[in-house]
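# what's the 3D shape of this:
(chains A and B)
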Amino acid sequence: MTVDTEFIPATSDHKPAHSPIDVSSKAFWAQTSEQRDQRFAQLRAEDPVSWQRPVEDAVAPDPNDPGYWSLVKHADIVKVSRDSKSFISGQGVLFDMLPPEFLEMSQSFLAMDAPKHDYLRKLISSAFTPRRIRRIDEQIKVAAREVVDSFAGNPAGEIEFASECAQQLPVRLFCDMFGVPDELREQTARSAADIVSWADPEALAGRTPAEVQLGACETLHGVAAQILAERRANPADDLFTNLVQAEVDGQHLTDAEIGAFFVLLSVAGTDTTKHTSTLTVKAMTDFPDQRDWLRADYDNRIKTGLEEFVRYASPVMTFRRTAVVETELGGKRVMPGDKVVLFYPSGNRDADVFADPERFDLSRDPNPHVGFGGGGLHFCLGNQLAKGALRALFSELLTRVPDFQAGEPDLLGTNFMRGVKRLPFTFTPEM
Amino acid sequence: MRIVVDRDKCTGLGMCEAEAPDLFEVQDDGSLTVLNDRPGSDDLEAAEAAVMACPTEALTLVED
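Residues are numbered from 1 along each chain as shown, chains lettered A, B, ... in the order given. Predicted structure coming up:
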């Protein structure tokens, strides 16, 4: 069930010089988020739709790549996201250039267009509706409680937050939904984390990015294959069973297609929430008045709070589209085949939309952030689940270890996920 | 005011239901049921929030 459309190559036609305000260099992405935000602010003010050189030090460089248009204004990100007929995903969605084998094994419907995208996404979307998330709300709360149980009484009053808390809840919820058995959870979590760490020297530990990514993909496909064989024999109430039983155009999905689904959702469903909650405990340390405000009436204030968690953290930093028609963006002439890259953290700091954008303001309302995407067909499927998990986790943290203090985060070096490798986290232990 | 759904644009994500559960419900097959397409004054604010929240701009509020 492939939909073959003609590949539209990128061209150098009608392009200005590459922008001197560069967001492609390795050095740029090695900076802190605050430093990057300054350059994005400069681009928003001086060259909101800029022509950039290709990303430096790509994993799989394309010698014919002329560059890309960088979109940093909220309005442009929203416009392109919502016009999936003019700006397609089928020619790739990642900012970095990655090996084709990896993309084949990992992207699934993320890098597809209608109608195939819609078919595949619909196979699992019923698991993510508000009604379904409400139905598992109690399960989410129990999971959050048990995650906090695991450290709140620790007499040292100190943990490494990213791995010992933030990662635990989304991994558990993801594995529950898919039906991943206990003995395969550890390697599922580790592989999902490896996939987003391709540009980080420490995570690579001497291996090449392609080795790490392909290795992690193969592990996840292996996990999927094991579970699929089991579910074919013994159906259960989980997403693997749904995918095994699903038919598209009268055909069952192949193991490879289901494996790619699993890889995509393992990253989309775990790393994003992990990094959002980690960056949020840091923000609550930096803005204690906001923590106090939220704690004073959690149930009534968490709704706007959750949106601000996501705006402020902006865990997914980049996705790409490809133009298929000639169009104009910010006064620039965009040609068929041109890549456009959406810089979500920049859209989320755009002062035309957000007053005092650097401030973590949990009462911000309206808060039309682009942390789940700028809208359109690819808008984050798991947004309700993510918010449910964050709501339950912060309810526990602010009740049981309310005086927590986050130290300085050790950031993941990558141009995709605004990630935290380690965050020291201290608190008064529960008696 | 009346709620109009553009079925070609709706993807069944349920952002509207999260904003206004009394007005919208996404079914397991991804189709959207409008529980009440003529929101009263009590529900109007929620209906407007639902229209704003829709990422595919599938909802409109029209005067009749």
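# Residue numbers of chain B in contact with chain A?
B:11-15, B:17-18, B:21, B:25-26, B:28-30, B:52, B:55-57 (Cβ under 8 Å from any Cβ of the partner chain). Heads up, the C-betas are built off the backbone N, CA and C, glycines and all.
# Pull out the buried members of the residues you listed.
Neighbour counting with 16 or more other Cβ atoms under 10 Å in any protein chain shown marks B:11-15, B:17-18, B:21, B:25-26, B:30, B:55-56 as buried within those.
# tell me the least confident of the residues you listed?
Least confident by pLDDT among these: that is B:Gly30, with 87.
# OK, contacts around it?
Residues counted as contacts of B:Gly30 (Cβ atoms under 8 Å, 6 or more residues apart in numbering or on different chains) are A:122, A:125-126, B:11-12.
# Can you tell me the element it falls in?
Secondary structure assignment for B:Gly30, by DSSP states H and E: no helix or strand.
# try A:Pro235
Here A:Pro235 is assigned to no helix or strand, by DSSP H and E.
# go on, A:Arg231?
helix A:209-233.
# next SSE after that helix?
helix A:239-245.
# Would you give the sheet partners of the helix or strand immediately after that following helix in the chain, along with the direction of each?
The helix or strand immediately downstream of helix A:239-245 is strand A:247-248, counting by DSSP H and E. The strands beside strand A:247-248 in its sheet (DSSP bridges) come out as strand A:251-252 (antiparallel).
# in chain B, which spans are helices?
Per DSSP state H, chain B carries helices over the ranges B:15-19, B:44-53.
# ok and the residue in chain B nearest chain A?
B:Pro55 (3.7 Å; Cβ to the nearest Cβ).
# mind listing what that residue touches?
A:82, A:372-373, A:375-376, A:379, B:13, B:15.
# again, only using 7 Å
Counting by Cβ atoms under 7 Å, 6 or more residues apart in numbering or on different chains, B:Pro55 touches A:375-376, A:379, B:13, B:15.
# mind putting these in a markdown table, distance to A:Asp297 included?
Below are those laid out as a markdown table (distance: Cβ to Cβ, whole Å):
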| residue | distance to A:Asp297 |
| --- | --- |
| A:Gly375 | 30 |
| A:Gly376 | 34 |
| A:Phe379 | 29 |
| B:Leu13 | 29 |
| B:Met15 | 24 |
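# so how far is A:Arg36 from the closest residue to A:Leu279 other than its chain neighbours?
Using Cβ to Cβ, 6 or more residues apart in numbering or on different chains and skipping the chain neighbours, the partner closest in space to A:Leu279 is A:Ala313 (3.9 Å). To A:Arg36, A:Ala313 is 14 Å away according to Cβ to Cβ, to the nearest Å.
# A:Thr188 too?
Counting by Cβ to Cβ, the gap from A:Thr188 to A:Arg36 is 31 Å.
# repeat for A:Asp237
Noted for A:Asp237: a distance of 43 Å to A:Arg36, by Cβ to Cβ.
# Can you pick out the residue with more neighbours from those two?
Per other Cβ atoms under 10 Å in any protein chain shown, whichever of A:Asp237 and A:Arg36 has more neighbours is A:Arg36, with 20 against 7.
# what residues are up against the more buried one?
A:Arg36 touches A:Phe28, counting by Cβ under 7 Å, 6+ apart.
# Same question for A:Leu239.
Here A:Leu239 is in contact with A:124, A:127, A:177-179 (Cβ under 7 Å, 6+ apart).
# Now, these that are in strands?
Of the positions in the contacts of A:Leu239, not one sits in strands, assigned by DSSP state E.
# In the helix or strand where A:Leu385 lies, which residues are buried?
Secondary structure from DSSP H and E places A:Leu385 in helix A:383-400. By 16+ other Cβ under 10 Å, the buried positions in helix A:383-400 come out as A:383-398, A:400.
# Show me the contact partners of it.
Here helix A:383-400 has contacts from A:128, A:130, A:133, A:137, A:140-141, A:144-145, A:148, A:152, A:169-170, A:173, A:272-273, A:276-277, A:294-295, A:298, A:302, A:306, A:309, A:372, A:404, A:430, B:14, B:18, using Cβ under 7 Å, 6+ apart.
# contacting residues around the helix or strand following that helix?
For helix A:383-400, the following helix or strand on the C-terminal side (DSSP H and E) is strand A:405-406. Contact partners of strand A:405-406, identified using Cβ under 7 Å, 6+ apart, comprise A:161, A:281-282, A:285, A:423, A:425-426.
# Among those residues, which lie within strands?
A:425-426.
# farthest pair in the contacts of strand A:405-406?
The distance between the two most remote of the contacts of strand A:405-406 (Cβ to Cβ) is 12.7 Å, for A:Lys282 and A:Thr426.
# So which of these two has more stuff around it?
Of the pair A:Lys282 and A:Thr426, A:Lys282 is the one with more neighbours under other Cβ under 10 Å, namely 22 against 17.
# If we ignore the residues flanking it in sequence, what's nearest that one?
A:Ala406 (4.4 Å).
# State the pLDDT value of the one you found.
98.
# Against A:Gln91, how distant is it?
Separation of A:Ala406 from A:Gln91 (Cβ to Cβ): 40 Å.
# same deal with A:Lys332?
The gap separating A:Lys332 from A:Gln91 is 20 Å, by Cβ to Cβ.
# Show the end-to-end separation of stretch A:332-345, please.
Its start and end residues considered, stretch A:332-345 measures 22 Å (Cα to Cα, to the nearest Å).
# let me fix that: stretch A:175-194
End-to-end span of stretch A:175-194 (Cα to Cα): 17 Å.
# repeat for stretch A:413-421
Stretch A:413-421: ends 9 Å apart by Cα to Cα.
# any idea how far it is from the chain center?
Computed by Cα atoms, centre = their mean, to the nearest Å, the chain-centroid distance of stretch A:413-421 equals 10 Å.
# any idea of the mean pLDDT in it?
So the average pLDDT for stretch A:413-421 ends up being 92.
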